[in-house]
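Asks: give me the fold of what follows.
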Amino acid sequence: MGSKGARSKTAGSEAAAEFVARLAPLEVNSRAMFGGYGLFKDEVMFAIIDSEGRLYLRADTTTAMAFEAAGSTQHARMPYWEVPEPILEDPEQLLEWAATAADVASQSRR
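Replies: A predicted model of the protein is given here:
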C-alpha cells in the first residue's frame, strides 16, 4: 500500500474508533468496509465513515430535509448524508442525530 493509502486507512480507522467512543450510549460497533467503515447498532448499519474520516448518517425522505437545511451533502447516490460540523461539535446533538439515523436504518429493514 502506498503512503497515501496508508494515511487514508489510518484516518478512517481513527475516526471509526472516535465515533464508536462518542456514540457509546447507543451501543454501536464498527466494521471495515470498502475502504472505510460502517457503524452498526443491533447489527444494522446506520452510518458510514469514509477513508478521509468523514461521518455520514443514514437518512430517509423526512430526515434528509434536516441534513439539507444544515448544508449537508449526500454521499453519492446512497441514503447517507455528511454530518454538518456544528452537529459534530455538539455531543448531545450528535447522539440525537445518530439515534435518529439508527431508527431510520432499522425501519428500512422491515
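
Asks: please identify the buried residues of the helix or strand T63 falls within?
Replies: Using DSSP states H and E, T63 falls within helix 61-69. By 16 or more other Cβ atoms under 10 Å, the buried positions in helix 61-69 come out as 63-64, 67. (Glycine included, C-beta is placed from N, CA and C.)

Asks: helices along this structure, start to end?
Replies: With DSSP state H as the criterion, the chain has helices at 3-22, 61-69, 85-88, 91-108.

Asks: just put the ones you listed in TSV and tack on distance to N29 and mean pLDDT.
Replies: Listed next are those as TSV, based on distance: least, Cβ to Cβ, whole Å; pLDDT from 0 to 100:
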stretch	distance to N29	mean pLDDT
helix 3-22	6	77
helix 61-69	22	94
helix 85-88	20	96
helix 91-108	12	97
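
Asks: list the beta-bridge partners for the nearest residue in space to H75 that is not next to it in sequence.
Replies: With sequence-adjacent residues excluded and distances taken as Cβ to Cβ, 6 or more residues apart in numbering, H75 is closest to Y56, at 4.6 Å. For Y56, the beta-bridge partners are I48, E82 (DSSP bridges).

Asks: first-to-last residue distance for stretch 44-58?
Replies: Terminal residues of stretch 44-58 lie 11 Å apart, using Cα to Cα, to the nearest Å.

Asks: any idea of the mean pLDDT in that stretch?
Replies: For stretch 44-58, mean pLDDT is 96.

Asks: how far does it sit from its chain's centre?
Replies: Relative to its chain's centre, stretch 44-58 lies at 3 Å (Cα atoms, centre = their mean, to the nearest Å).

Asks: next, the buried residues of it.
Replies: For stretch 44-58, by 16+ other Cβ under 10 Å, it's 44-51, 53-58.

Asks: now do stretch 35-46
Replies: 36-41, 44-46.

Asks: in a markdown table: the buried residues of helix 61-69, plus distance to Q93.
Replies: Formatted as a markdown table, the buried residues of helix 61-69 follow (distance: Cβ to Cβ, whole Å):
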| residue | distance to Q93 |
| --- | --- |
| T63 | 14 |
| A64 | 17 |
| F67 | 13 |
